[in-house]
Each structure stands twice: as C-alpha cells, then as structure tokens.
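Peer 1: got a predicted structure plus its sequence, pasted below:
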Amino acid sequence: MVLMKNRIYRSAPIVILLSGWVFFGLITFFQDRQNSLNQVPVWVLFAIIQIIIGIIYVIQIKELNRQVHIDMLTGLYNRKYFNEKLSGLISKGLISLLLIDIDNFKCINDTFGHMAGDKVLQQFAEILRFCTRKNDLVARWGGEEFTVILFQTGPEETFIIADRIRLIVNNRYFSYDGSTFKISVSIGVASIKEGSKIGKDQIIKIADQALYKAKQKKNDIAVLTN
C-alpha cells in the first residue's frame, strides 16, 4: 500500500503536465483554426507555457518529497523513510542492520550546550556517509541514535564496517565554538541470513538487543544473527 502511494505521488507531476497540456491544447487548437496561417499558433504558445509550469511543478514536488524523507538537521534519511524501505528490502536477500548510539550524549548537551550537541550529530552524520557505500541506507533513528542498512552484507563484513565507524569516531576531535571534545559510539548489529523468514519489527528488535548489549560496555560492538 505504501509503495503504491509512493508511485502515485511520484507520477503526479507527469499527470499534471499531460492533463494540462491536452486540455489547453484541445481548446486552443480549435481556436487557432480561425486565426491567420501567418501567425504563431496559439496552442503552441499554451503548450510551451504548460511545459514550463509542469517543470516547475516537478521541481517543487521532488523537493517536497525530499523534505518528507530527510532529517533536516543531519541531511540523512529520517525514520519514516527507513521504515518504508526496510519493509521492502527484507524479502530481497541478505541484509544487515546497524543501530548506533552516541555514548553519554546528554553530557555533551549539559556541558557545551544543545548547539554543540547538534554540531556533533551533523559531524557524526558525515562519518556515517564516509564509512558506508553508495547503495547502503543511512538514517537518523531519533535523538542521538542512527541506523544503517547494509545490502548483501554478512556478519563478518558488517562487523568490519561497524568497527571502522567506531574507530574513526574514537580518533576524531569534535568541535564547536572553540571547544573540542571526544565521543564514542556503541553499535548493535543484526545480521540476517539469506532466505531467513523475518519481519521488519523482528530485525529491529534483534538490532536493539545487540545495541543494549554493546551499551553495557560502551564504545563497543555487539552482533546478533538470525
């Protein structure tokens, strides 16, 4: 149902363009038959205007669609988009899911202020983009939690990617308004074998259990498979 709504939503600009073009074209075509043959057909002018309007609509609707699915602070996908995509991807093959939590994030807000906390989230989002592949899906889960869907990735390769994220964070100095500080992350990994019969809620629950395990130590990675 969600996928059908998305297809209808994406096709709206085409429908607007074609319907308007046909409507104005038919009216002005018959009007133009009464005009002099030496003049530019009125229906051609209407068609050009309709094309321009259609292009503007396409740009605006695409931007609105982007805003609906993007977290405005980090520029990553939001939880709504993540949920929509995950539901359709589980049945398509081997995937792994990372749930990532910034350790002691409240201390950053309390010590340096919420603006500093926002800056950390933005800088961490850049690390996630750098450490993941083009076809992976990176999203902000909420607050200081993030999630990554890794396509066609088994437990061993997933752990390598997760550990790369953890190590880069460890070696990075985060900064805001002249202050620099260090942070760490805990990562829960749910790795789903190909052909495994599991739903969206189940894989999230497994990743959440793994994250809870990693948070016991902090700056750690826990992997659970199914």
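Peer 2: Ah, there it is.

Peer 1: what's across from the most centrally placed residue in the chain in the sheet?
Peer 2: Residue closest to the average C-alpha location in the chain (C-alpha atoms, centre = their mean): Y77, at 2.3 Å. With DSSP bridges applied, Y77 shows beta-bridge pairing to I70, A139.

Peer 1: can you pull the contacts of it?
Peer 2: Neighbouring residues of Y77 by C-beta atoms under 8 Å, 6 or more residues apart in numbering: H69, I70, D71, K85, L137, V138, A139, R140. Any C-beta I mention is one placed from the backbone N, CA and C, and that applies to glycine too.

Peer 1: ranking by neighbours, what's the top pick from these?
Peer 2: Counting neighbours by other C-beta atoms under 10 Å, A139 comes out on top of those with 26 neighbours.

Peer 1: how about the contacts made by that one?
Peer 2: Taking C-beta under 8 Å, 6+ apart, one finds D71, L76, Y77, N78, R79, Y81, F82, F146, T147, V148 in contact with A139.

Peer 1: give the buried residues for stretch 81-96.
Peer 2: Neighbour-count burial for stretch 81-96 flags Y81, F82, E84, K85, L86, L89, I90, I95, S96 (criterion: 16 or more other C-beta atoms under 10 Å).

Peer 1: from I165, how far out is the closest residue to the second one other than its chain neighbours?
Peer 2: Put plainly, it is F82. In space, and not counting its chain neighbours, F82 is closest to A139: 4.0 Å by C-beta to C-beta, 6 or more residues apart in numbering. Applying C-beta to C-beta, to the nearest Å, the value for A139 to I165 is 14 Å.

Peer 1: again with I100
Peer 2: As for I100, its distance to I165 is 7 Å (criterion: C-beta to C-beta).

Peer 1: now the buried residues of stretch 81-96 in JSON lines, with pLDDT, secondary structure and distance to I203?
Peer 2: Output for the buried residues of stretch 81-96, formatted as JSON lines (pLDDT from 0 to 100; DSSP: H, G, I helix; E, B strand; the rest coil; distance: C-beta to C-beta, whole Å):
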{"residue": "Y81", "pLDDT": "91", "secondary structure": "helix", "distance to I203": "16"}
{"residue": "F82", "pLDDT": "92", "secondary structure": "helix", "distance to I203": "12"}
{"residue": "E84", "pLDDT": "86", "secondary structure": "helix", "distance to I203": "15"}
{"residue": "K85", "pLDDT": "87", "secondary structure": "helix", "distance to I203": "12"}
{"residue": "L86", "pLDDT": "86", "secondary structure": "helix", "distance to I203": "7"}
{"residue": "L89", "pLDDT": "76", "secondary structure": "helix", "distance to I203": "10"}
{"residue": "I90", "pLDDT": "72", "secondary structure": "helix", "distance to I203": "7"}
{"residue": "I95", "pLDDT": "84", "secondary structure": "strand", "distance to I203": "8"}
{"residue": "S96", "pLDDT": "91", "secondary structure": "strand", "distance to I203": "9"}
